[in-house]
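J.: Sequence and predicted structure below; questions after.
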Amino acid sequence: MALGIEISGIRLGNPTVLASGILGTSRKMLERVIENGAGAVTTKSISLERRDGHNNPTVIEFDAGLMNAVGYSNPGAIDAASEFSDMQKLDAPAFVSIIGKEPGDFAKVAKMMENKGFSAIEIPLSCPHTPGFGTLAGQDTPEKTYEITKAVVKSTNLPVFVKISPNIKNIGDVAQAAERAGASAITAVNTMGPGMIINIDARKPVLDFKVGGVSGPALKPVAVRCVYDVYESVKIPIIGTGGIMSGKDAIEMIMAGAACVGIGSAVYYRGIDVFGKITAEIEKWMDKNGYNNIREMIGAAHE
Amino acid sequence: MNELEHVHMGNGHGLPEIVKIEKIVDENRNAKTFFLDKRIGFKPGQFLMVWIPGLGEKPFSISYAGAMTGITVYLKGKFTRRLFEMNTGDRIGIRGPYGNGFTLKGNACVVGGGAGIAPLAPLIENLDDPYVILGAKNADELLFDKRFPDAMITTDDGSKGFSGFTTELLKNILKERAFDVVYTCGPEIMMKKVFEICENAGIKCQASLERYMKCGIGVCGHCEIDGFRVCKDGPVFSSEQLRIMESFGKTAKLKNGEKVSIEDYTRHRYE
Ligand SMILES: Cc1cc2nc3c(=O)[nH]c(=O)nc-3n(C[C@H](O)[C@H](O)[C@H](O)COP(=O)(O)OP(=O)(O)OC[C@H]3O[C@@H](n4cnc5c(N)ncnc54)[C@H](O)[C@@H]3O)c2cc1C
Ligand SMILES: Cc1cc2nc3c(=O)[nH]c(=O)nc-3n(C[C@H](O)[C@H](O)[C@H](O)COP(=O)(O)O)c2cc1C
Ligand code: FES
């Protein structure tokens, strides 16, 4: 049976991809995630300047998922450029996630990350909890998506993945804008919301930033719908992300139209070896149901 | 649903719970123990994320077991200053316990320095007659020397006990006695030294490390040290793990991820 999949000319040994912002803070961390079975890995998002991010509490678990307002804390592009090198020597492809306030910032960071052996650049235009970035800066409109994607595509030879928000009505238009601007794949989706959790004894929101992006099981049905809609709108492959906890969740996402699946919160629920576990569960299900390769299942729910 | 059976679906453990401070004890010039009105099941070496609503959230090891769980806090910056202003009856949030904790073994030696003695205290109480070395800069900064009257005491300035470092005492005792394991927590430079002494003597070591924590639950990757998450894979690491940690005793990352020397990391204050 073939669990491998190719997206934008990049070969993945299995369809599980580490989502950005989970564990991807160093080369060694990514290496360890690959040892635990990931088909590909994504770095924590990197900005031009160093960022403290929001104050703690930044990540909390609630009944149906995680909520985070990490606020893009990262050491900045210069430090990241020295941390991440020779990425092609890892046993699976690595994607670098870059962020910026202006199209020019994205292009600069893209350039700085160019010769580090990454297989693709991911640009999240969709974070719901960081002022100056993502949805809070209006980067999720079709117009801005086109502009920023175009700027990054022009500045690099690497394939560009555009990561979109689940919080927009016209998600198909945004995906199409990315495709028109030269994106090689769509990562759908980022966290949902923002949401808020109030501790009634303290009479205060728990997250220090008060609001945060919702991920994990609560996000899954929304993410599946988003991927379904994006699949109908574009031809480029989709990295289906949001609430994937098990092999069956992954297959559901693939049937909605994803070519591979992003995994983040499940690292909390099932451990760092969740990638190998989910791959084994996908294989078992395919075996039982007579599928020979991932391709046969992509978009199956649309027929 | 079979596959999902072993998926740990959220049970709300991740949300802070508000607890009352029952009792506050002055331990020394720089440290206070806060006893909370809650019994918590934990393994020695595990920590809590302590939340002061509106101010922040920071990790503290559990230093006392029992009906009133205790944390022992050294005065550092903004957060600990606010804690020190609190009174009995005030409320704080906690989540956890998190981290792996120490693995209990037989014939043990325990080496603690400064605030590092806090997580070692419940360990000492769970070990069978361990050989304990507690160190501090001077007599005024010693922790739990009265709680553990049999412990060997060292001070850098000789104001109490053995004059010198814990590591010198450790080297001396290793000439006379054999141990199955050495547990250590304290300044990282001290732990590195303890580890090296253990390596030379062929003794297993377990060291409890600190790195800047954000999520505390193993997802954000911020507390990472050479691919290990201090909050989840640690904070206690074995000799095998310490051996391959290039940054152990050398570098650590600030709140923004900038890598600095371990000395600068410890000195750094966030105001
Ligand atoms: C696993 C673990 C267990 C700990 N147990 C204890 C304990 O039992 N008793 C005790 O007094 N201290 C303990 N600490 C350290 C404690 O978290 C810091 O002293 C505290 O966060 C200082 O906050 P501040 O605002 O007063 O000072 P700040 O000015 O914010 O920082 C002072 C120093 O504290 C450390 N620190 C600050 N924020 C964090 C953070 N979010 N995560 C980790 N370290 C941080 C840094 O080294 C910093 O240089 C522990 C740390 C870790 C990682
Ligand atoms: C703690 C945390 C940090 C995140 N940081 C980023 C980030 O830096 N960049 C980004 O594009 N997405 C970030 N995300 C979003 C994830 O990549 C992913 O899109 C989302 O969590 C949904 O997937 P999941 O349900 O599998 O977690 C973060 C998510 C979490 C939980
Ligand atoms: S603090 Fe987030 S992984 Fe340890």
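T.: Received it, and whenever you're ready, just let me know what you need. Ligands and ions are numbered 1, 2, ... in the order given.

J.: can we go C-alpha only for contacts and neighbour counts from here?
T.: Will do.

J.: Now for the residue lying closest to B:Ile40 once chain neighbours are set aside, how many residues are close by?
T.: Spatial nearest neighbour of B:Ile40, excluding adjacent residues (C-alpha to C-alpha, 6 or more residues apart in numbering or on different chains): B:Thr69 at 6.4 Å. Using other C-alpha atoms under 10 Å in any protein chain shown, B:Thr69 has 21 other residues around it.

J.: OK, contacts around B:Thr69?
T.: B:35-40, B:62-63 (C-alpha atoms under 8 Å, 6 or more residues apart in numbering or on different chains).

J.: which of the residues you listed are buried?
T.: B:35-38, B:40, B:62-63 (16 or more other C-alpha atoms under 10 Å in any protein chain shown).

J.: Quick check: the two most widely separated of those?
T.: B:Asp37 and B:Ser63 (14.5 Å; C-alpha to C-alpha).

J.: can you map out the helices along chain A?
T.: Using DSSP state H, the helices of chain A run over A:27-35, A:77-83, A:103-112, A:142-155, A:171-180, A:220-233, A:247-256, A:266-270, A:274-288.

J.: For the fourth one, which helices and strands make contact with it?
T.: Looking back up the chat, that one is helix A:142-155. Using 3 or more C-alpha pairs under 8 Å, 6 or more residues apart in numbering or on different chains; DSSP states H and E, the elements in contact with helix A:142-155 are helix A:103-112, strand A:160-164, helix A:171-180.

J.: Please identify the most buried of these.
T.: strand A:160-164 (a mean of 29; mean count of other C-alpha atoms under 10 Å in any protein chain shown).

J.: now what about that strand, what contacts it?
T.: Against strand A:160-164 from outside (C-alpha under 8 Å, 6+ apart): A:120-126, A:140, A:149, A:152-153, A:171, A:174-175, A:178, A:182-190.

J.: from those residues, which ones fall inside strands?
T.: A:120-124, A:185-188 (DSSP state E).

J.: Output those of those residues also counted as contacts of ligand 2.
T.: A:Pro124 (C-alpha under 6 Å from any ligand atom).

J.: Among the ones in strands among the contacts of strand A:160-164, which one lies nearest to chain B?
T.: Nearest to chain B, judged by C-alpha to the nearest C-alpha, of these is A:Pro124 at 16.8 Å.

J.: Skipping adjacent residues, who's closest to the closest one in space?
T.: That would be A:Lys163: by C-alpha to C-alpha, 6+ apart, it lies 4.4 Å from A:Pro124.

J.: what's the spacing between the one you found and A:Lys111?
T.: Using C-alpha to C-alpha, to the nearest Å, we find A:Lys163 at a distance of 19 Å from A:Lys111.

J.: ok, and what's touching the host helix or strand of B:Gln241?
T.: Using DSSP states H and E, B:Gln241 sits within helix B:239-243. The contact list for helix B:239-243 (C-alpha under 8 Å, 6+ apart) reads B:195, B:199, B:204-206, B:248.

J.: of the residues you listed, buried ones?
T.: B:195, B:204-206, B:248.

J.: Farthest pair within those residues?
T.: Farthest-apart pair in the buried ones among the contacts of helix B:239-243 is B:Lys204 and B:Phe248; separation 16.5 Å (C-alpha to C-alpha).

J.: got a list of what the residue most central in space within chain B touches?
T.: With distances taken as C-alpha atoms, centre = their mean, the residue of chain B nearest its centroid is B:Pro119 (4.4 Å). By C-alpha under 8 Å, 6+ apart, the contact set of B:Pro119 is B:44-46, B:61-63, B:185.

J.: How about the helix or strand where it lies and ligand 1, touching?
T.: Using DSSP H and E, B:Pro119 maps to helix B:117-126. Yes - residues of helix B:117-126 are located near ligand 1 by C-alpha under 6 Å from any ligand atom, namely B:118-119.

J.: what sits against A:Leu158?
T.: Residues near A:Leu158 by C-alpha under 8 Å, 6+ apart: A:114, A:119-121.

J.: Give me every residue in the stretch 151-271 of chain B lying close to ligand 1.
T.: Contact residues (C-alpha under 6 Å from any ligand atom) of the stretch 151-271 of chain B with ligand 1: B:210-214, B:235, B:265-271.

J.: ok, so what distance separates B:Pro122 from chain A?
T.: Separation of B:Pro122 from chain A (C-alpha to the nearest C-alpha, to the nearest Å): 27 Å.

J.: low pLDDT regions in the chain?
T.: Going with chain A. Residues of chain A meeting the criterion pLDDT under 70: A:1.

J.: actually chain B
T.: B:1-13.

J.: again, 80 this time
T.: B:1-13, B:271 (pLDDT under 80).

J.: still on that earlier bit, emit the PyMOL select command for whichever of the residues of the stretch 151-271 of chain B next to ligand 1 are buried.
T.: In PyMOL, this line selects whichever of those come out buried by 16+ other C-alpha under 10 Å:
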select buried, chain B and resi 210+211+212+213+214+235+265
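
J.: Select, from the residues of the stretch 151-271 of chain B next to ligand 1, the two members most distant in space.
T.: The distance between the two most remote of those (C-alpha to C-alpha) is 25.2 Å, for B:Pro235 and B:Glu271.

J.: ok, back up a step: show me the residues of the stretch 151-271 of chain B next to ligand 1 that map onto helices.
T.: Judged by DSSP H, helices contain the following of those: B:265-267.

J.: what sits against A:Thr43?
T.: A:19-21, A:23-26, A:30, A:94-97.

J.: before we move on, back to that, which of the contacts of B:Pro119 are close to chain A?
T.: Residues of the contacts of B:Pro119 in contact with chain A (C-alpha under 8 Å from any C-alpha of the partner chain): none.

J.: what does the stretch 101-250 of chain B put close to ligand 3?
T.: B:213-223, B:229-231.

J.: What residues sit buried inside stretch B:72-87?
T.: For stretch B:72-87, a neighbour-count test (16+ other C-alpha under 10 Å) marks B:72-75, B:79-80, B:83-84 as buried.

J.: what's the offset of that stretch from the middle of its chain?
T.: 16 Å (C-alpha atoms, centre = their mean, to the nearest Å).

J.: now do stretch B:138-157
T.: 17 Å.

J.: Ends of it, what's the gap?
T.: One end of stretch B:138-157 sits 6 Å from the other (C-alpha to C-alpha).

J.: Stretch A:197-204 too?
T.: Stretch A:197-204 has an end-to-end distance of 8 Å (criterion: C-alpha to C-alpha).

J.: is that stretch anywhere near chain B?
T.: Yes - using C-alpha under 8 Å from any C-alpha, stretch A:197-204 reaches chain B at A:199, A:201-202, A:204.

J.: related to what we said a few turns ago, strands - which of the buried ones among the contacts of helix B:239-243 land there?
T.: Counted as lying in strands by DSSP E, out of these, are B:204-206.

J.: List the buried residues of the helix holding B:Gln241.
T.: B:239, B:242.

J.: Would you enumerate the residues in contact with residue 33?
T.: Just so you know, I chose chain A. By C-alpha under 8 Å, 6+ apart, the neighbours of A:Val33 are A:18, A:41, A:272-273, A:275.

J.: wrong one, chain B
T.: The contact partners of B:Thr33, by C-alpha under 8 Å, 6+ apart, come to B:24-27, B:70-73.

J.: right, and A:Thr130 touches A:Gly71 too?
T.: Yes - shown here, A:Thr130 and A:Gly71 form a contact pair, counting by C-alpha atoms under 8 Å, at 5.1 Å.
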